[in-house]
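Participant: here is my input; please provide its structure:
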Amino acid sequence: MGGGNGQKSAKARERNLAKASAEGKGSQLKDNAKALSIKCHICMQTFMCTSTEVKLREHSDNKHPKNDFLQCFPDQTAEARAAREAEAAAEAADQKKKAKDAPKEKQKDKVYKGSK
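Facilitator: Residues are numbered from 1 along each chain as shown. A predicted model of the protein is given here:
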């Protein structure tokens, strides 16, 4: 006699969860941990990679007024940032080259029931 909308929703949720776990897209915790890439070298507090220099200076001024900004965040100098950006650009270029050189998957010929 079929199920109601609640049953359909539950089935769809189960299907989507199974599909996501099969693809490896279940949890985002590992990605979030990778994004916390900026660390204060004095108190070891981590910050998101998208944090601006203003926010980092605010932390330095408020939490460590006796220390210099570069003592808290030595990786945030202009030279260090330029080196990271160059490294990221080189990595992106390598990935683009690998994707371009990768062999294309052949599509299987479709076989129809009536044809031979």
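Participant: report the distance from the helix or strand bottoming out on mean pLDDT in the chain to the chain centre.
Facilitator: Least confident helix or strand of the chain, by mean pLDDT, DSSP states H and E, is helix 29-35 with a mean of 77. Relative to the centre of its chain, helix 29-35 is centred 7 Å away, using CA atoms, centre = their mean, to the nearest Å.
Participant: again, but for stretch 73-93
Facilitator: The answer for stretch 73-93 is 17 Å, by CA atoms, centre = their mean.
Participant: cool, and stretch 35-46?
Facilitator: When C-alpha coordinates are averaged (CA atoms, centre = their mean), stretch 35-46 and its chain have centres 18 Å apart.
Participant: got the end-to-end distance for it?
Facilitator: Stretch 35-46 stretches 9 Å from its first residue to its last (CA to CA, to the nearest Å).
Participant: in stretch 49-69, what's buried?
Facilitator: 51, 56, 59-60, 64, 69 (16 or more other CB atoms under 10 Å). Every C-beta, even on glycine, is put in place using the N, C-alpha and C of the backbone.
Participant: let's see which of those residues end up in helices.
Facilitator: 56, 59-60, 69 (DSSP state H).
Participant: gap between the residue most central in space within the chain and residue 48?
Facilitator: Centroid check for the chain by CA atoms, centre = their mean gives residue 31 as the closest residue, at 4.9 Å. According to CB to CB, to the nearest Å, residue 31 and residue 48 sit 12 Å apart.
Participant: again with residue 39
Facilitator: When residue 39 is compared with residue 48 (using CB to CB), they lie 11 Å apart.
Participant: before we move on, what about residue 15?
Facilitator: With CB to CB as the criterion, residue 15 and residue 48 are 33 Å apart.
Participant: likewise for residue 4?
Facilitator: 43 Å.
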